[in-house]
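[1] What follows is a predicted structure for the sequence shown.
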Amino acid sequence: GAVVSQHPSWVICKSGTSVKIECRSLDFQATTMFWYRQFPKQSLMLMATSNEGSKATYEQGVEKDKFLINHASLTLSTLTVTSAHPEDSSFYICSASGQTNTEAFFGQGTRLTVV
Amino acid sequence: KQEVTQIPAALSVPEGENLVLNCSFTDSAIYNLQWFRQDPGKGLTSLLLIQSSQREQTSGRLNASLDKSSGRSTLYIAASQPGDSATYLCAVSPTGFQKLVFGTGTRLLVSP
């Protein structure tokens, strides 16, 4: 299968700072990327869908000004958690899809801890 | 709104047993269904993907079935091994664009 690389795999930051997470498709062009969040002992919840060159579409209840998504190229999407707070501590994971109705491939995930 | 439920939430079996994990979804209008494995603190490993027109998919000791009309899927694991211990997630895609709705997961522990 295709490879999606997510970086960093874990990060600890101070409350009030911003953190950027990268999601790269290494061997295919990802027209669409998805960002999910997983709180402890819960399932993954979709945060937003990003399409290359256009604004991201956010799910209900997700603050677009807090979770900035940029999908500037066909191989890179970034999620920036702005003014992070302890309640933003979670496991963030991206997936990438190249074409309609093809398998989405997931990155390794990023464990964010805000102290 | 699509909701995906997995039963049981946790399962503990001795090595060698065959087992079945269940997944149900409320809206049968899906494009495909996917089973994943997640190890603690790790990302997702895709196990099987079933298109809405298919009834089942097989990979090694794994077999997944799909009954779209009744909103159900099962993952059958044959001859379980300790290395199968993980959380198993099923997810459905309402469209062909791989925006997935995940189930609650089944935590599997296979003891030697």
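    Good, I have the coordinates. Numbers count the residues shown, from 1 in each chain, chains lettered A, B, ... in the order given.

[2] how about the residues of chain B that lie near chain A?
    B:31-32, B:34, B:36, B:41-44, B:46, B:49, B:51, B:89, B:91, B:96-105 (CB under 8 Å from any CB of the partner chain). (Each C-beta comes from the backbone N, C-alpha and C, glycine too.)

[3] go again using 7 Å as the cut-off
    Contact residues, chain B versus chain A (CB under 7 Å from any CB of the partner chain): B:31, B:41-44, B:46, B:49, B:89, B:96-100, B:102-105.

[4] The helix or strand that contains B:Thr74 pairs with which strands, parallel or anti?
    Element membership of B:Thr74, judged by DSSP states H and E, is strand B:72-77. Here strand B:72-77 is paired, per DSSP bridges, with strand B:19-25 (antiparallel), strand B:62-67 (antiparallel).

[5] Output those strands in CSV; the columns should cover mean neighbour count and mean pLDDT.
    Below are the strands paired with strand B:72-77 laid out as CSV (neighbours: other CB atoms under 10 Å in any protein chain shown; pLDDT from 0 to 100):
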stretch, mean neighbour count, mean pLDDT
strand B:19-25, 19, 96
strand B:62-67, 19, 97
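
[6] Can you say which of the residues of chain B next to chain A are buried?
    With burial judged by 16 or more other CB atoms under 10 Å in any protein chain shown, the buried subset of the residues of chain B next to chain A is B:31, B:42-44, B:46, B:49, B:89, B:97-100, B:102-105.

[7] Tell me the one of those residues nearest A:Gln60?
    Nearest to A:Gln60 out of these is B:Lys99 (CB to CB; 13.4 Å).

[8] how near is B:Thr104 to A:Gln38?
    Distance, B:Thr104 to A:Gln38, using CB to CB, to the nearest Å: 12 Å.

[9] who's in contact with A:Ser25?
    A:Ala2, A:Val4, A:Thr75, A:Ala96 (CB atoms under 7 Å, 6 or more residues apart in numbering or on different chains).

[10] Greatest separation within those: which pair is it?
    A:Ala2 and A:Thr75 (11.1 Å).

[11] what about the spatially most central residue of chain A, helix or strand, and which?
    Nearest to the geometric centre of chain A sits A:Trp35, at 3.7 Å (CA atoms, centre = their mean). Here A:Trp35 sits within strand A:32-38, counting by DSSP H and E.
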